[in-house]
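Undergrad: sequence below, structure please.
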Amino acid sequence: MKKLFLLLVISVLTVSLFTGCSQPNFPTYTNGTKDNTSIKETLHPVASSNGQLGNFQAQDVNGNAVTNDIFSNYDLTLVNLFTTWCSPCIKEIPELDAVRKEMADKNVNVIGIVLDVNEDGKIDEDKMDRLKQIIESTKAQYTMVIPDEVLRSGRLKGVNSVPETFFVDKNGNIVGETYLGSHTKEEWIKIIEDELAKLNK
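TA: From the prediction side, this is the model:
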């Protein structure tokens, strides 16, 4: 029985390693893109905490203001939470950029929110440089948001593993389900089509 339990624990830890990362100070920290971790998702979606993101005043990587107006021109926006140290997150970025391009004609957008560049409210220049390198190496063209206090103390509070993804409608409402772990482009497109169908009911 003990051997069976041990095998179960090892299996759970292996799934976690291959699909996402815990927040810093947790033991499954991974570093950079050199890790060959698979991005195949095996976790199920979890119930979303519906509500609004609030009247936030964030910024993008170039210092441009980002408010909840970013959602107003799209029926659905995929919001991907990630960090600069999570290999599955970084490997997923090109997949998400491909999703953005393919789903643009269905009025779907993609944005990323990076959680570790200003964890204490101040920009960490080393992590900001790392983020810019990630954007350059992945050739991502979607907006990467550095959250303000409204976001950090609201929907983002308590996030302890990444990537985590949820959806927002054109009115800034969080809709549908929250998805843990990374996905391929094909998996995301299927998820988005399902979420659009639910939105249009």
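Undergrad: how many neighbours does the closest residue to Gln141 other than its chain neighbours have?
TA: Closest residue to Gln141 apart from its sequence neighbours, by CB to CB, 6 or more residues apart in numbering: Asp97 at 5.9 Å. (Each C-beta comes from the backbone N, C-alpha and C, glycine too.) Neighbours of Asp97 under the rule other CB atoms under 10 Å: 18.
Undergrad: name the SS class of Asp97, please.
TA: At Asp97 the chain is in helix, as set by DSSP: H, G, I helix; E, B strand; the rest coil.
Undergrad: that one against Val110, yeah?
TA: Yes: here Asp97 reaches Val110: they are 7.3 Å apart, a contact under CB atoms under 8 Å.
Undergrad: anything in contact with each of those two?
TA: By the contact definition CB atoms under 8 Å, 6 or more residues apart in numbering, Asp97 and Val110 are jointly contacted by Tyr142.
Undergrad: residues of the one helix or strand Ile135 maps to that come out buried?
TA: Element membership for Ile135, per DSSP states H and E: helix 125-138. Residues Lys127, Met128, Arg130, Leu131, Ile134, Ile135, Thr138 are the ones in helix 125-138 that count as buried (16 or more other CB atoms under 10 Å).
Undergrad: over to stretch 59-73?
TA: The neighbour-count check on stretch 59-73 (16+ other CB under 10 Å) flags Gln59, Val61, Val66, Thr67, Asn68, Ile70, Phe71 as buried.
Undergrad: all set, thanks.
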